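Q: Have a look at this prediction, sequence included:
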Amino acid sequence: MGSRPKTIEAILEGSLELFNRSGISDVSTNHIANHVGISPGNLYYYFPNKEAIVRAIFAQIRARVETLWDDSARLPLRLLTDYVNVVFRIIFGYRFFFAELTLILRRDEALRAEYIQLQTRFKEELAGLLLGLNQAGVLVSLEDHEKRMAMANSVWIVTIYWHCYLESAPQAGQPAPSRELLNHILFLLTPYIEPRFLDTVQGIFTSFLEARGHD
């Protein structure tokens with residue numbers, strides 16, 4: 001009984017590594033089994049196909065995102081810090097999923113429904129965070145609900161489709177991908193940041209970059 005969770009974890013970790021490196025289309029279940037060091041038959045015992053592995057990886061993504069909503073009592077700046085640390089680690093740690101998002105969801109209707117549900121909840125929760133930051137005086141001019149939802153939607157679009165953008169973006173002379181993405185999010189937020197909180201908010205993003213080593 002003890003080996004089952006370890007085998008599942010190894011399969012998911014190995015699949016994530018290969019998917020991030022080569023993309024889903026170029027990675028077969030045989031590649032995964034060989035990478036993990038198990039037989040294809042053993043892999044199929046746990047996951048009948050590649051789509052089942054992707055669903056399990058998405059379950060990891062969803063579980064990590066949902067940790068942001070476990071405690072609604074966190075102060076707005078503390079919650080903003082958690083959002084930056086959790087969301088952007090997901091975006092770069094599971095980059096294959098977002099780089100191939102359209103293809104993945106087109107192939108799996110059940111997963112598409114789960115993704116849309118998470119997307120809807122995330123944008124609502126993010127709008128709630130923006131409200132909390134507005135009420136705390138960190139952000140200004142975001143009293144209107146529609147405006148907060150529009151901002152949440154803009155942040156979502158830029159973040160989720162970042163890897164799709166990188167597929168066609170020129171690489172020469174560009175900042176590191178994580179730095180460039182966070183700079184874009186700050187660009188969206190800066191006009192609404194109360195000047196005395198600007199250094200604090202920028203520091204939250206900078207701390208994340210420093211922790212990642214500016215990759």
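A: Thanks, I have the structure now.
Q: Using CSV, list the CA coordinates for the least confident helix or strand in the chain by mean pLDDT.
A: Here the helix or strand of the chain ranked lowest by mean pLDDT, DSSP states H and E is helix 162-168, holding a mean of 86. Presented in CSV, the C-alpha positions along helix 162-168 are these (Å, rounded to 0.1, in the frame of the first residue of the first chain):
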residue,chain,number,x,y,z
TRP,A,162,2.2,34.3,-21.1
HIS,A,163,3.8,31.1,-22.4
CYS,A,164,1.7,31.3,-25.6
TYR,A,165,3.1,34.7,-26.1
LEU,A,166,6.6,33.6,-25.5
GLU,A,167,6.3,31.0,-28.3
SER,A,168,6.3,33.9,-30.9
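Q: Show me what it is in contact with.
A: 91, 95, 98-99, 101-102, 177, 181 (Cβ atoms under 8 Å, 6 or more residues apart in numbering). C-betas here are computed from N, CA, C, even on glycine.
Q: Stretch 154-165 spans what distance, first to last residue?
A: Terminal residues of stretch 154-165 are spaced 15 Å apart (Cα to Cα, to the nearest Å).
Q: Which positions in that stretch come out as buried?
A: Using 16 or more other Cβ atoms under 10 Å as the test for burial, stretch 154-165 gives 155, 159-160, 162-163.
Q: Walk me through the domains of this structure.
A: Following automatic domain parsing, one finds the domains of the chain at 1-48, 55-212.
Q: so where's this structure shaky on pLDDT?
A: 1-2, 71-72, 170-175, 212-215 (pLDDT under 70).
Q: on that earlier part again, as JSON lines, the contacts of helix 162-168 with distance to residue 190 and neighbour count would be great.
A: Shown next, in JSON lines, are the contacts of helix 162-168 (distance: Cβ to Cβ, whole Å; neighbours: other Cβ atoms under 10 Å):
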{"residue": "91", "distance to residue 190": "20", "neighbour count": "19"}
{"residue": "95", "distance to residue 190": "26", "neighbour count": "17"}
{"residue": "98", "distance to residue 190": "24", "neighbour count": "19"}
{"residue": "99", "distance to residue 190": "27", "neighbour count": "21"}
{"residue": "101", "distance to residue 190": "27", "neighbour count": "16"}
{"residue": "102", "distance to residue 190": "30", "neighbour count": "10"}
{"residue": "177", "distance to residue 190": "20", "neighbour count": "18"}
{"residue": "181", "distance to residue 190": "15", "neighbour count": "21"}
